[in-house]
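Novice: with the sequence up front, the predicted model follows.
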Amino acid sequence: MGFDFTGKSVLVTGAARGLGLAVARAFHDAGARVAINDRSAERVTVAIATLGGGSRLVAAPADLADAAGCERAVRQATDAFDRLDVLVNNAAVNIEKPIEATDDAQWDLHLAIVLKAPFFCARAALPALRRSRGCIVNVASELGLHAIPNNVAYVSAKHGVLAMTRAMAIELAPTGVRVNAICPGTMDTELMKECAADSGDPAAYYRAFNAYHPVGRIAAPEEIAAFLLCLASPAASFLTGAAIPVDGGSTAGRTMPA
Amino acid sequence: MSPRSDFVGKRVLVTGSTRGIGSATADRLLERGASVMLHGRRQKDVDGAVAARAATHGNRVTGRAADLADRAQCRRLADAAGALDVLVNCAAIYEERDIAASDEDFWDIAIGTNVTAPWLLAHALLPGLRARRGVIVNVGSDAAYLGYANSSVYCASKGAIVGLTRALAVELGPEVRALCVCPGPAMTDMMGATPAERAASGAVWSKWTMLGRAAEPAEIAAAIAFAASPDASFATGSVIAIDGGAGTGRRL
């Protein structure tokens, strides 16, 4: 997209696949050094190979379910690069369950990975981000802006991410560290393909999600990644505390009920 | 529930109150002791609405016809209303038209009625509202925050009345409160001219809300009355969604 991140260092959480991998690739293609985080060290190795390897890619495997894991992910990036310019909080879990079928462990897991991890990653990255006057991009969701049924833990946590984005943006504004969130709609990722397969009727599953978006289709992860790079670039130098839908119109309104 | 009397001695104008949400709002405020000026576009509708309430509410109910798309008529309505405690801007035009079919006259009439008239009335009635530490309640719509296909002018007007409300709240506090109640689909004449048409479109719109139905006008009127009442004395600038959850999310 023409953004130049040469000399910049980026940590992307949950970067072994899906949107995270697309974001890592986009930053890498734009010249950045990129630390690849995933829970699985093996998946990180595969992702780095997929991206072509080389000195601008570093492995930062860690389970972000607790603060120590978040600190480990950040430390691997800052140790390798000696600086950090962009933190992309992308890692997430999403298990669709009705309220009564959502057990304590699933609730805790959503809050831990979706809401707590971005906080602890940000806290750990902050000394380096202050020095670089860098930025944080939180990958929220259109479900941070409104709700769907049977996804209460995820919707709750993503709404929390937007509140946290605003709170951090206000607190860090005087330091020059910007904090923003993007709110993607449904993307055609591995996770989407798995969910479609699990549904028993993949074609119908895709049709429903395509129709849900006023533009009539779901997003390619690369479309979201391209927008995310813009938020992290100097083009967005006056943007902080924002929650920007990139959702094919799904939160803008609706066509009339048929 | 025994009738409350928290509007005794209060002077109220409810625009668009010969039918629908405005009519239900007028009834609720009359029950609670207010003196209410009814308003409609056609004199015979106003006369009928006043006559229907005269036996119960006597001289506490009056009426005045005005076409709110006409600024001079707006000002005359304000003059007739005099010093108010509560102004409810309820009158609105809704007509489904796609952008290509929406000409400038359509825009001017809808924006004139839905936005300019509330602003003009607030402006003209301000001295009385300030003196009486009054309240302005604007009726918005879930169209203020949900785009409706084929209703761009209506959506623009309802977004604007939210902005108007917030600006009034900031500018007129502490003397005057301003709030906006945003209804979802309600079973009014906007749903159709005949009971059969209303039932048909009510069934369609029931899918719009999370409660599986459109609102009864009284359910919206209750929120408007709350916003206007001393119960809401610390609320100003509030945008209150009474939309059956329509703005909260979607079902796949």
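Specialist: Cool, got the structure.
Novice: all contacts plus neighbour counts: C-alpha atoms, from now on.
Specialist: Will do.
Novice: quickly note the distance from the residue nearest the centre of chain B to B:A167.
Specialist: Taking CA atoms, centre = their mean, the centroid of chain B lies closest to B:C90, which sits 1.8 Å from it. B:C90 sits at a distance of 18 Å from B:A167 (criterion: CA to CA, to the nearest Å).
Novice: still on that earlier bit, pull the contacting residues for the residue nearest to the centre of chain B.
Specialist: Taking CA atoms under 8 Å, 6 or more residues apart in numbering or on different chains, we find B:C90 in contact with B:V14, B:T15, B:G16, B:S17, B:I21, B:G22, B:N138, B:V139.
Novice: switch to 10 Å and redo it
Specialist: B:C90 sits next to B:13-17, B:20-23, B:25, B:39, B:113-114, B:118, B:137-140, B:181, B:224 when contact means CA atoms under 10 Å, 6 or more residues apart in numbering or on different chains.
Novice: those in strands, which ones?
Specialist: Residues of the contacts of B:C90 located in strands (DSSP state E): B:L13, B:V14, B:H39, B:V137, B:N138, B:V139, B:V181.
Novice: checking A:A181 next. Helix, strand or coil?
Specialist: strand (DSSP: H, G, I helix; E, B strand; the rest coil).
Novice: right, and it touches A:F227 too?
Specialist: No: applying CA atoms under 10 Å as the test, A:A181 and A:F227 come out as separate, 11.1 Å apart.
Novice: any residues in contact with both of these two?
Specialist: With contacts taken as CA under 10 Å, 6+ apart, the residues that reach both A:A181 and A:F227 are A:I244.
Novice: chain A versus the closest residue to B:K10 other than its chain neighbours, what's the distance?
Specialist: In space, B:K10 comes closest to B:A34 once its chain neighbours are excluded; the distance is 5.0 Å by CA to CA, 6 or more residues apart in numbering or on different chains. Relative to chain A, B:A34 is positioned 38 Å away (criterion: CA to the nearest CA, to the nearest Å).
Novice: returning to that earlier point: show me which of A:A181 and A:F227 is the more surrounded one.
Specialist: When neighbours are counted by other CA atoms under 10 Å in any protein chain shown, A:A181 and A:F227 differ, and A:A181 comes out ahead with 28 against 17.
Novice: quick one, strands of the stretch 101-250 of chain B?
Specialist: All strands of the stretch 101-250 of chain B, identified by DSSP state E, counting those that start in this stretch, fall at B:135-139, B:147-148, B:177-183, B:239-242.
Novice: partners of the last one in the sheet?
Specialist: If I follow you right, that is strand B:239-242. Paired neighbours of strand B:239-242 in the sheet (DSSP bridges): strand B:177-183 (parallel).
Novice: where does pLDDT dip in the stretch 151-258 of chain A?
Specialist: A:256-258 (pLDDT under 70).
Novice: show me which residues of it sit near chain B.
Specialist: A:208-209, A:211-213, A:249-258 (CA under 10 Å from any CA of the partner chain).
Novice: cool, and the stretch 1-150 of chain A?
Specialist: Within the stretch 1-150 of chain A, the positions near chain B by CA under 10 Å from any CA are A:E142, A:L143, A:L145, A:H146, A:A147, A:I148, A:P149, A:N150.
Novice: mind checking which of these are in helices?
Specialist: In helices, judged by DSSP state H, none of the residues of the stretch 1-150 of chain A next to chain B are found.
Novice: got these as TSV, with distance to B:G173 columns?
Specialist: Written out in TSV, the entries for the residues of the stretch 1-150 of chain A next to chain B read as follows (distance: CA to CA, whole Å):
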residue	distance to B:G173
A:E142	35
A:L143	35
A:L145	30
A:H146	31
A:A147	34
A:I148	38
A:P149	40
A:N150	42
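Novice: ok, so of the ones in strands among the contacts of B:C90, who is nearest A:E190?
Specialist: The shortest gap between A:E190 and any of the ones in strands among the contacts of B:C90 belongs to B:V181, at 43.1 Å (CA to CA).
Novice: returning to what we had before: compare the strands of the stretch 101-250 of chain B and say which comes out lowest on pLDDT.
Specialist: Among these, strand B:147-148 has the lowest mean pLDDT, at a mean of 88.
Novice: helices or strands up against that one?
Specialist: Secondary structure elements in contact with strand B:147-148, counted by 3 or more CA pairs under 10 Å, 6 or more residues apart in numbering or on different chains; DSSP states H and E, are strand A:253-254, helix B:152-172.
Novice: closest one to B:D79 among those?
Specialist: Proximity of the helices and strands packed on strand B:147-148 to B:D79 was assessed by CA to CA; the nearest stretch is helix B:152-172, lying at 20.3 Å.
Novice: show me what the closest one is packed against.
Specialist: Secondary-structure packing of helix B:152-172 (3+ CA pairs under 10 Å, 6+ apart): helix B:104-111, helix B:117-131, strand B:135-139, strand B:147-148, strand B:177-183, strand B:239-242.
Novice: let's see 8 Å
Specialist: Contact here means 3 or more CA pairs under 8 Å, 6 or more residues apart in numbering or on different chains; DSSP states H and E; on that basis helix B:152-172 packs against helix B:104-111, strand B:135-139, strand B:177-183.
Novice: could you dump these to JSON lines with distance to B:V239 and mean neighbour count?
Specialist: Output for the helices and strands packed on helix B:152-172, formatted as JSON lines (distance: least, CA to CA, whole Å; neighbours: other CA atoms under 10 Å in any protein chain shown):
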{"stretch": "helix B:104-111", "distance to B:V239": "20", "mean neighbour count": "16"}
{"stretch": "strand B:135-139", "distance to B:V239": "9", "mean neighbour count": "28"}
{"stretch": "strand B:177-183", "distance to B:V239": "5", "mean neighbour count": "27"}
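Novice: want to throw the ones you listed into a markdown table with distance to B:R250?
Specialist: Formatted as a markdown table, these follow (distance: least, CA to CA, whole Å):
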| stretch | distance to B:R250 |
| --- | --- |
| helix B:104-111 | 28 |
| strand B:135-139 | 23 |
| strand B:177-183 | 17 |
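Novice: about what we covered before: hang on, the residue nearest to B:K10 packs against B:V8?
Specialist: Yes: contact criterion CA atoms under 8 Å: B:A34 and B:V8 qualify, at 5.1 Å.
Novice: which of the two has more neighbours?
Specialist: B:A34 (25 against 14).
Novice: can you read off the pLDDT for that one?
Specialist: 98.
Novice: what does B:I99 give?
Specialist: 88.
Novice: what's the residue nearest to A:A225 when sequence neighbours are not counted in contact with, if anything?
Specialist: In this structure, A:A225 finds its nearest non-sequential neighbour in A:V23, 4.7 Å apart by CA to CA, 6+ apart. Counting by CA under 8 Å, 6+ apart, A:V23 touches A:V12, A:A15, A:E222, A:A225, A:A226, A:L228, A:L229.
Novice: B:H123: how many residues sit nearby?
Specialist: Neighbourhood size, B:H123 [other CA under 10 Å]: 14.
Novice: returning to what we had before: got the strands of the stretch 101-250 of chain B as JSON lines, with distance to A:E190 columns?
Specialist: What follows is the strands of the stretch 101-250 of chain B, written out as JSON lines (distance: least, CA to CA, whole Å):
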{"stretch": "strand B:135-139", "distance to A:E190": "46"}
{"stretch": "strand B:147-148", "distance to A:E190": "31"}
{"stretch": "strand B:177-183", "distance to A:E190": "40"}
{"stretch": "strand B:239-242", "distance to A:E190": "38"}
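Novice: and these: which comes nearest A:Q76?
Specialist: strand B:147-148 (45.4 Å).
Novice: sheet-wise, list the partners of that closest one with their directions.
Specialist: According to DSSP bridges, strand B:147-148 has the following sheet partners: strand A:253-254 (parallel).
Novice: let me see the residues that make contact with the strand it pairs with.
Specialist: Surrounding strand A:253-254, the residues in contact under the criterion CA under 8 Å, 6+ apart are A:P214, B:Y145, B:L146, B:G147, B:Y148, B:A149.
Novice: now do the SS call for the first one.
Specialist: When classified by three-state DSSP, A:P214 comes out as coil.
Novice: can you pull the phi and psi angles for it?
Specialist: Torsion angles at A:P214 (phi, psi; degrees, to the nearest 10) stand at phi -50, psi -30.
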